[in-house]
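Undergrad: structure of the sequence below:
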Amino acid sequence: MILEVEDEKTPNDFRDDGSSKELVLKREGERILHHLKADAHVVVLEIDGVVMGSEKFASHIKKLAVGGNSHIQFVIGGSLGLHTSVLEKADLRLSFSAMTFPHQLMRIILLEQIYRSFRINHGEPYHK
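TA: Numbers count the residues shown, from 1 in each chain. So this is what the prediction gives:
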C-alpha cells in the first residue's frame with residue numbers, strides 16, 4: 001500500500017532561516033507519524049543516510065523477513081526533508097544518492113529497488 005500525506009504549504013513569507021523551515025517540517029512530520037505503525041520497521045530516505053548497494057539492501061530485507069519482521073514502512077520526506085521526530089522513529093536511514101530527486105521519481109526508484117531485492121533474494125536474475 002502506498003500512502004501519501006499532504007505536503008505542508010510553505011507560507012508566502014517563508015525564509016529558510018530555521019524557524020519557518022522547522023514549522024513546516026514539524027507539521028509534515030506530525031502527519032507522517034500518525035501513519036507509522038508501532039510494530040513496523042521504519043526506513044526513511046534521507047540524503048545523509050546509509051548508502052548500500054542492491055545486494056546489501058536485499059540482504060537487509062531478507063534479514064528482516066527471516067527475523068519475523070515483515071511489516072516495513074518506507075518514508076520519503078517533503079521537499080525540505082524530514083523532521084527530527086520522524087528521523088528518530090527510523091530503524092534505518094537510507095540514502096540512494098547525495099543528489100536531490102523529485103518525490104515522484106524517488107518513489108519509482110524505491111519501488112524498483114524493493115522489486116530488485118526480492119529477485120535477488122529468490123536467486124532470480126536481475127539487471128546489473
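Undergrad: other SSEs contacting the lengthiest strand in the chain?
TA: Counting by DSSP state E, the longest strand found in the chain is strand 41-51. Under the contact definition 3 or more CB pairs under 8 Å, 6 or more residues apart in numbering; DSSP states H and E, strand 41-51 sits against strand 72-76, helix 84-87, strand 92-95. Placement of C-beta: from N, CA and C, glycine included.
Undergrad: show residues contacting the longest one.
TA: When you say that, I think you mean strand 72-76. 32, 35-37, 40-45, 61, 64, 82, 86, 90, 103, 106-107, 110, 114 (CB atoms under 8 Å, 6 or more residues apart in numbering).
Undergrad: and the helices in the protein?
TA: Here the chain has its helices, by DSSP state H, at 19-35, 54-66, 84-87, 103-121.
Undergrad: rewinding a little: single out the most deeply packed of the helices and strands packed on strand 41-51.
TA: Highest mean neighbour count of those: strand 72-76, a mean of 19 (counted as mean count of other CB atoms under 10 Å).
Undergrad: and it with strand 41-51, angle?
TA: Per axes from the mean of the first three to the mean of the last three CA atoms, to 10 degrees, the angle that strand 72-76 makes with strand 41-51 is 50 degrees.
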